[in-house]
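K.L.:
pasting a predicted model and its sequence here:
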Amino acid sequence: MSGYQPLFEQTSVPTDRPREVLDVRTLGPPQPLARTLERLAASDDDLVLIQRNDRAPQFLYPKLEDRGYTYETVETEMEVVTVIWRE
């Protein structure tokens with residue numbers, strides 16, 4: 001998880017919580033959205049979920065907002081990383 005530290009420093013993600021990576025880069029729509037929401041529903045509120053994707057998950061953002069999640073997305077040359085957590 002330490003490889004993501006430079007990305008975390010670009011966000012306001014909580015640093016004192018457990019983190020989990022969900023890699024959905026190879027999945028076609030709507031699987032990235034569905035898997036992310038399923039994982040969040042099955043997790044504790046203190047989890048920080050790190051979604052690795054090949055594009056910004058535009059359809060996920062409103063669903064996260066509706067469910068009370070905070071998120072930030074950082075784009076790199078290789079992937080798009082969206083960090084999701086509850087305040």
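P.N.:
Ah, there it is.
K.L.:
I'd like to know which elements the helix or strand hosting Tyr61 is packed against.
P.N.:
Using DSSP states H and E, Tyr61 maps to helix 60-66. Applying 3 or more C-beta pairs under 8 Å, 6 or more residues apart in numbering; DSSP states H and E, one finds that helix 60-66 contacts helix 31-41, strand 70-75. For glycine as for every other residue, the C-beta is placed from the backbone atoms N, C-alpha and C.
K.L.:
save the ones you listed as JSON lines, and put in mean pLDDT too.
P.N.:
As requested, those are exported to JSON lines (pLDDT from 0 to 100):
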{"stretch": "helix 31-41", "mean pLDDT": "98"}
{"stretch": "strand 70-75", "mean pLDDT": "95"}
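K.L.:
next SSE after the helix or strand of the chain with the lowest mean pLDDT?
P.N.:
Here the helix or strand of the chain ranked lowest by mean pLDDT, DSSP states H and E is helix 5-8, holding a mean of 74. Sequence order places strand 19-23 as the next helix or strand after helix 5-8, per DSSP H and E.
K.L.:
packing partners for the least confident helix or strand of the chain?
P.N.:
Packing contacts for helix 5-8, counted by 3+ C-beta pairs under 8 Å, 6+ apart, involve strand 80-85.
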